[in-house]
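here is my input, please return the structure:
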Amino acid sequence: MTRGRDDALINRPKSRWVAPRRQTPLSGILNVDKPPGVTSHDVVDAVRRAVGQRKVGHAGTLDPMATGVLLLCLGQATRVAEYLMASHKRYRATIVLGMATDTYDAEGQIVSRGGRTDFSQQEIEGTLAGFVGRIEQVPPMYSALKRGGQPLYKLARQGKVVERKPRPVEVDELVLLDWTLPSLIIEVACSPGTYVRSLAHDLGQKLGSGAYLASLVRLSSGRFTLEEAVSLERLTEAFRRGQESRYLLPLDEALLDWPAMIVGADDAQRIVQGQAVQGEPPTEGGGARDALCRAYSLDGDFLAVMAFHPASGCWRPTKVFALRRVGS
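Model prediction:
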C-alpha cells in the first residue's frame, strides 16, 4: 500500500462515497498506521466517513510529519481513550545535527546552521545517556498545549513566544541505532507527554551543534504495535466490504494489563446499575493502577471499569459499558 493512496483517501472530495449512517454505532479500537503529511484529525475524519458514524476520536496526537501507530476509538471505546493515552510509547526518530529550526522539526524555519557535526559515537551516546530517566522537558511553542484557551502553535504563528514551564517526563530507553553524520537514528521509549521534537532540540543544545527532528515513527503505544497496525486504505476497503471485524478490537483491549474480576449474575446487575460490589482488595505496593480493575460477567461480557474504595472495602463502577462485546 502506498502512502499516496492513503493521502488521497483523506483528501478526497466529501461528495464521494460515504458509508450510510449506522443505526447501531460500532464500538471498539482501531490501530491505524498513520500516513505522513496529514493531521491525526484528518485520519479521524476519514474513518468517520468510512464507518458512517460521528463518534470517533484518537488517543494521542501524532504530528503531521509523523507516521505509525495512531489509536482510534469508536463509540463506547471513546470512554477508554484516557487509559490509552496514559500508556508508554516507543518511537524511531531521525535527527539531523548542525542546524536548528523554530518548530524543532523539519517543517520549521531554520534559525541556526553551521554547527559541528563531526561527533564520535562515544560523544553521541554519552550525551544521549543524559536524557534517560526522569527529566524536565520544556514543551515546544509549536504544540497543541493551550495558554489562555488558545493552542501554543497559533500563538507561535503570530510571532508570539510565551513562557513554558518544564514538565517532568520519563525516558525509559534511548538507543542510538545508526548514524551517518550529520544524521542519526535513535529509538526512544518514553512516558506519555514526551516531545521527541524537544528531545532532538535539547540534544543539539547539549552537543552545542543544534539539531532538529527529521522524521518520526511511532512504533508502539502501550500494547499496540506498528506490526499490527492497518493502513488507512486497507481499513477503508474493509469497512466498504463489511469486513471491519478484521481490525476492530474490543474496547477492553485498552485495559488488558489491569487485573480483572468475574462476577455472578446478581453482582453483574448491580454493577450495570452503578452499585458497589464486594471483592478482594487490590494487591499492596503495586501502585495507583492496582486500585482499578476490569469487571466481567460469567458469560465474558465486559461490564465496567471498577475502582476500589478502602473506606467501604468495596469496588465501585466508574465507567459502565453495554453488556455486549464488539463482534458478538
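
just the C-alpha atoms of stretch 106-119, please, in PDB.
The C-alpha atoms that make up stretch 106-119 are tabulated as PDB, following Å, rounded to 0.1, in the frame of the first residue of the first chain:
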ATOM      1  CA  ALA A 106      11.900  19.600   9.500                       C
ATOM      2  CA  GLU A 107       8.700  21.600   8.900                       C
ATOM      3  CA  GLY A 108      10.000  24.700  10.600                       C
ATOM      4  CA  GLN A 109      12.200  27.700   9.600                       C
ATOM      5  CA  ILE A 110      15.900  27.300  10.100                       C
ATOM      6  CA  VAL A 111      17.100  29.500  12.900                       C
ATOM      7  CA  SER A 112      20.700  28.400  13.100                       C
ATOM      8  CA  ARG A 113      23.100  26.500  10.900                       C
ATOM      9  CA  GLY A 114      26.800  25.600  10.600                       C
ATOM     10  CA  GLY A 115      27.100  23.800  13.900                       C
ATOM     11  CA  ARG A 116      29.600  21.000  14.500                       C
ATOM     12  CA  THR A 117      28.700  17.600  13.100                       C
ATOM     13  CA  ASP A 118      31.900  15.500  13.400                       C
ATOM     14  CA  PHE A 119      31.000  13.800  16.700                       C
END
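
pull out the buried positions in it.
A106, E107, G108, G115, T117, F119 (16 or more other C-beta atoms under 10 Å). C-beta: built from backbone N, CA, C; applies to glycine.

bridged to E136, which residues?
Per DSSP bridges, the residues bridged to E136 are P168.

show me what contacts it?
Neighbouring residues of E136 by C-beta atoms under 8 Å, 6 or more residues apart in numbering: P166, R167, P168, V169.

coming back round to it: hmm, which two among the buried residues of stretch 106-119 are most spread apart?
E107 and F119 (24.7 Å; C-beta to C-beta).

residues in contact with stretch 187-195?
Under C-beta under 8 Å, 6+ apart, the answer for stretch 187-195 is 60, 85-93, 104, 137, 139-140, 143, 167, 169-175, 177, 196, 199, 219.

first-to-last residue distance for that stretch?
13 Å (C-alpha to C-alpha, to the nearest Å).

go through that stretch and flag the buried ones.
So, applying 16+ other C-beta under 10 Å, buried residues of stretch 187-195: V188, A189, C190, P192, G193, T194, Y195.

separation between the fifth one and R54?
So that's G193. G193 sits at a distance of 28 Å from R54 (criterion: C-beta to C-beta, to the nearest Å).

ok, now the third one?
Between C190 and R54 the distance is 32 Å, computed by C-beta to C-beta.

partner residues bridging the closest residue to H41 other than its chain neighbours?
Of all residues beyond its chain neighbours, the one nearest H41 is H58 (7.5 Å), with distances taken as C-beta to C-beta, 6 or more residues apart in numbering. Assessed by DSSP bridges, H58 has beta-bridge partners L72.

right, and H58 touches D45 too?
No - with contacts counted by C-beta atoms under 8 Å, H58 stays clear of D45, the gap being 10.6 Å.

neighbour count for those two, which is higher?
H58 (23 against 15; other C-beta atoms under 10 Å).

contacts only, for that one.
S40, H41, V43, V44, L70, L71, L72, C73, A81.

T318 too?
T318 sits in contact with L292, A304, V305, M306, A307, where contact means C-beta under 8 Å, 6+ apart.

one more time with 10 Å, if that's ok
G274, L292, A304, V305, M306, A307 (C-beta atoms under 10 Å, 6 or more residues apart in numbering).

out of everything not next to it in sequence, what's closest to the fifth one?
If you skip the residues right next to it in sequence, M306 has W315 as its closest partner in space, 4.3 Å away by C-beta to C-beta, 6+ apart.

now, which of the contacts of H58 sits nearest E253?
L71 (9.8 Å).

what helix or strand is F239 located in?
helix 232-240 (DSSP states H and E).

how about the secondary structure of the residue nearest the centre of the chain?
In the chain, the centroid-proximal residue (C-alpha atoms, centre = their mean) is G60; its distance is 3.2 Å. Classification of G60 using DSSP: H, G, I helix; E, B strand; the rest coil returns coil.

many thanks, have a good one.
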